[in-house]
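Engineer: would you be able to build a 3D model of this:
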Amino acid sequence: MGFPHPNSPNGCWQRHGYRSELPPGRPQARCRNIYAPDGTLVLVAADYEKQFDYCRAKGLLLPACEVERIL
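Structural biologist: A predicted model of the protein is given here:
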């Protein structure tokens with residue numbers, strides 16, 4: 001398995017020290033519980049759009065010029 005795109009939610013979580021987990025009892029879910037670096041639950045059963053909106057609102061996305069250098 002490769003590395004996530006830097007500006008995908010998974011890329012943002014990884015880069016900023018967040019943790020992403022499947023909700024308990026939902027092994028096939030297309031949503032995740034997201035925990036901040038301090039362990040605080042910040043998103044509950046969030047789909048991709050909600051995760052991406054959170055990344056955007058919190059300034060976790062990289063500028064396009066930095067993404068181009070990484071890729």
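
Engineer: and the gap between the residue lying closest to P9 once chain neighbours are set aside and G17?
Structural biologist: Of all residues not flanking P9 in the chain, Q51 sits nearest, at 3.7 Å (Cβ to Cβ, 6 or more residues apart in numbering). Any C-beta I mention is one placed from the backbone N, CA and C, and that applies to glycine too. Note on Q51: its distance to G17, by Cβ to Cβ, to the nearest Å, is 15 Å.

Engineer: same deal with N7?
Structural biologist: Counting by Cβ to Cβ - N7 and G17 are separated by 16 Å.

Engineer: looking at the two, which is more packed in?
Structural biologist: N7 (20 against 10; other Cβ atoms under 10 Å).

Engineer: how about the more buried one, secondary structure?
Structural biologist: coil (DSSP: H, G, I helix; E, B strand; the rest coil).

Engineer: if we ignore the residues flanking it in sequence, what's nearest it?
Structural biologist: Closest to N7 by Cβ to Cβ, 6+ apart is L61, at 5.0 Å.

Engineer: got the residue ranges for the strands in the chain?
Structural biologist: 19-21, 32-35, 41-46 (DSSP state E).

Engineer: what about R30, distance to Y18?
Structural biologist: R30 is 18 Å from Y18, by Cβ to Cβ.

Engineer: those two: who's more crowded?
Structural biologist: The residue with more neighbours, out of R30 and Y18, is Y18; 22 against 9, by other Cβ under 10 Å.

Engineer: show me where pLDDT drops low in this protein?
Structural biologist: 1 (pLDDT under 70).

Engineer: ok, the most centrally placed residue in the chain - contacts?
Structural biologist: Centroid-nearest residue in the chain: P9, 3.0 Å away (criterion: Cα atoms, centre = their mean). By Cβ atoms under 8 Å, 6 or more residues apart in numbering, the contact set of P9 is 20, 48, 51-52, 54-55.

Engineer: and if you look at G11?
Structural biologist: 3-5.

Engineer: try it again with 10 Å
Structural biologist: 3-5, 55, 60-62, 67, 70 (Cβ atoms under 10 Å, 6 or more residues apart in numbering).

Engineer: now do K58
Structural biologist: Counting by Cβ under 10 Å, 6+ apart, K58 has contacts 12, 16, 18, 36, 42.
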